[in-house]
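Undergrad: Structure of the sequence below:
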Amino acid sequence: MQIGKEKLLWMFEKMHQIRFYEETMAAAYMEGKLPPAIQKGLAFDIGAGPVPGEMHLAAGQEPVAVGICAHLNDEDTVVGTHRPHHFAIAKGVPLDTMTAEMFGKVTGLGKGKGGHMHLFDNAHKFSCSGIVGASMPIACGAALAAKKMGKNWVSVAFFGEGAANQGSFHESMNLAALWKLPVIFVCEDNQWAISVPKQKATSIDWVSDRAAGYGIPGIRVAENDALHVFESVSPAITRARRGEGPSLIEVKTDRYFGHFQGDPETYRPKDEVSRLRVNDPIPKLAFLLKDKSFMTDAEETALVKKTPDAVSKAFAFARQSAYPEGADALHHVFVPDHATNRTPA
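TA: Next up, the predicted model:
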């Protein structure tokens, strides 16, 4: 599938937005956690600051999200991982309500009850989970629904290479292949399953080779490059929409931050991230756009300048929003009639 100027510019703008968002969140998350707590002799306080709980950021992995979501429409389903922001942004989830959810505010996607690993946006058909490997069976369910309704919608399950060793991976691949479900399994191979290197956890070099065991196509994208991702996934999207079943895509990508914010990263070579950043996919895409005469330096500057404003407004919205009331903990929770003698909330 040939990609045009409009799609390339969309990918470039989204990648910038994702990167700026993640860097902004990295700073906001650390507020109140470091370094004053350590100076007082206290441990890292995961619950302190405006953004409580864990935080997993995806800077460096932008090509996977934009290269695939550039193929999708509003009716297609995306199921992300515990590192979900780049997928959500690429799928069109609003920045303000997404950010408010991470801040635990009532204006958030889940009214502040889910946090950053449990984002759910029915309007944009996006969800994610903190459970490793959980995206795959959920995406199969969405694909089965589309098939039964006679729609040519597809669903995409994103997961890390560590999740490819979970039972849910094999069960979902088998089911999708057997029933020819319109689902694309996308493995983000950033070489690290938390702190365990891929070669110490996985018995084969390439996860995409496992597709052969289920009689479906397996495609490996060896570069962290948005255009290569877009072009490589095109046959899988076409195959799924035609009712020909699933495909497995593996993308070699790079994680610039730790597994979580606050991760000391003692398991990584000290110069690893600096080496990875030499091949930053955002400048690479900018060079391609200019080489094709799709973007001038002035146009690049204009596009880049739009990003901080949108992200800053989302963070301001989150900070200014109210926290839920204590009684809200009892709302939007299923309670059986026999347990309380009242109807479900």
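Undergrad: which strands and helices sit next to the helix or strand where residue 64 lies?
TA: Residue 64 is part of helix 62-69 when elements are defined by DSSP states H and E. Packing partners of helix 62-69 (3 or more Cβ pairs under 8 Å, 6 or more residues apart in numbering; DSSP states H and E): helix 5-30, helix 85-91, strand 155-160, strand 183-189, helix 226-241, strand 247-252, helix 281-291. Yep, even glycine has a C-beta here, placed from its N, CA and C like the rest.
Undergrad: what's the model's confidence in the fifth one, averaged?
TA: Throughout helix 226-241, pLDDT has a mean value of 97.
Undergrad: Other residues contacting that helix?
TA: By Cβ atoms under 8 Å, 6 or more residues apart in numbering, the list of residues contacting helix 226-241 from outside reads 1, 3, 7-8, 11-12, 15, 62-64, 66-68, 70-72, 143, 152, 154, 182-184, 186, 217, 219, 221-222, 245-247, 249, 251, 281, 285, 288.
Undergrad: tell me the angle of it relative to helix 281-291?
TA: Direction vectors for helix 226-241 and helix 281-291, defined by axes from the mean of the first three to the mean of the last three Cα atoms, to 10 degrees, enclose an angle of 90 degrees.
Undergrad: Can you list the buried residues in helix 226-241?
TA: Of the residues in helix 226-241, those buried by neighbour count under the rule 16 or more other Cβ atoms under 10 Å are 226-230, 232-234, 236-237, 239-241.
Undergrad: Which positions within stretch 175-192 qualify as buried?
TA: Those buried within stretch 175-192 under the rule 16+ other Cβ under 10 Å are 175-177, 180-192.
Undergrad: Of the residues you listed, which is the nearest to residue 95?
TA: Ranked by distance to residue 95 (Cβ to Cβ), those are led by residue 188 at 21.6 Å.
Undergrad: before we move on, the earlier item: who wins for proximity to residue 331 among the helices and strands packed on helix 62-69?
TA: Closest approach to residue 331 among these (Cβ to Cβ): helix 85-91, 24.0 Å.
Undergrad: Just checking, which helix or strand succeeds that closest one along the chain?
TA: Moving toward the C-terminus from helix 85-91, the next helix or strand (DSSP H and E) is helix 95-102.
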